[in-house]
Every structure is written in structure tokens, then in C-alpha cells.
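*Asks:* Task: produce atomic coordinates for the following.
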Amino acid sequence: MGGWVIQGYPVSTETFLAITRDDMAEQAKEGGDWRRVKRDPEAAKRYIEERVAPLMGAFGMGGGQEETALSLRDAVLVNSVTLRVPAIRIPLTSIQAWWHVSMEVKESRSYSSGIAVGVGF
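*Replies:* Okay, the predicted model is just below:
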């Protein structure tokens with residue numbers, strides 16, 4: 001696995017979790033019985049919660065998270081492919097370089113391993 005260049009806007013852990021939850025809720029609406037339950041607000045709320053809560057529980061977010069990882073919103077990850085994700089958390093120990101400047105990500109020709117992060121405001 002080669003290195004990644006990751007670009008995004010720094011956010012708090014709470015904002016990361018909110019973005020993630022909202023995205024999962026939208027995905028839950030794409031399948032199953034959503035068309036049937038969406039007319040009833042209480043049923044719709046239960047439907048979303050039943051599908052999202054177990055996934056959010058997997059994050060196991062407790063205290064001290066701000067000190068161990070960087071949360072980014074509107075992230076773009078570039079390697080041999082380009083991924084756009086609503087939010088991402090990157091362990092600080094995985095970051096080899098970071099900067100704060102205007103940037104443009106171009107096709108990478110390097111095959112070294114590691115992660116570099118660019119943040120914008």
C-alpha cells in the first residue's frame with residue numbers, strides 16, 4: 001500500500017460524529033422499508049435510529065479523542081485513486097507531514113508509504 005495525501009477542513013470530534021451520523025442516516029433511507037415508514041415521523045425516526053445506532057457504536061468514541069486523531073470534513077484522499085468522503089479521522093501517529101496552505105492535489109507518481117495531511121480553513 002502506498003502513501004496517501006489527504007486534504008480537508010479540521011473539525012472537532014463532535015462535528016466528525018455529527019457528519020458521520022447524518023451521512024449514515026441518508027444511506028439508511030436508500031433501502032429497505034424507508035418508502036413505507038417515511039410518512040410517519042415517529043416510525044421514520046425509529047427506522048433511522050435502528051440502522052444508524054449500531055454503526056455509530058462501533059466508533060467507541062470516548063474522552064481524549066481530540067488528542068489522538070485529526071478529524072477532517074469534506075476530505076479528499078489521493079493515492080492511485082481519489083476518494084471524497086464527508087468526514088475522516090486520522091490517527092496522529094499515522095501522519096508523516098502536514099501543512100496549512102492553499103493546495104492542489106495532482107496525480108502522485110511516488111510509491112513510498114505513509115500519510116500526509118493538508119488542512120484548509
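*Asks:* gap between stretch 3-12 and the chain center?
*Replies:* Between the mean C-alpha point of stretch 3-12 and the mean C-alpha point of its chain there is a distance of 9 Å (C-alpha atoms, centre = their mean, to the nearest Å).
*Asks:* Please enumerate the strands of this protein.
*Replies:* For the chain, the strands defined by DSSP state E occupy 4-11, 69-78, 82-91, 95-99, 115-119.
*Asks:* and the angle for the first one with strand 95-99?
*Replies:* In this structure, strand 4-11 runs at an angle of 60 degrees to strand 95-99, with axes from the mean of the first three to the mean of the last three C-alpha atoms, to 10 degrees as the basis.
*Asks:* List the neighbouring strands of strand 4-11 plus their orientation.
*Replies:* The strands that strand 4-11 pairs with in its sheet are strand 69-78 (antiparallel), strand 115-119 (parallel) (by DSSP bridges).
*Asks:* For those, which has the smallest mean pLDDT value?
*Replies:* With a mean of 56, strand 115-119 has the lowest mean pLDDT of those.
*Asks:* Looking at the strands of the chain, spot the one closest to residue 47.
*Replies:* Minimum separation from residue 47 across the strands of the chain (C-beta to C-beta) falls at strand 82-91, 21.0 Å. Bear in mind the C-beta positions are built from the backbone N, C-alpha and C, glycine included.
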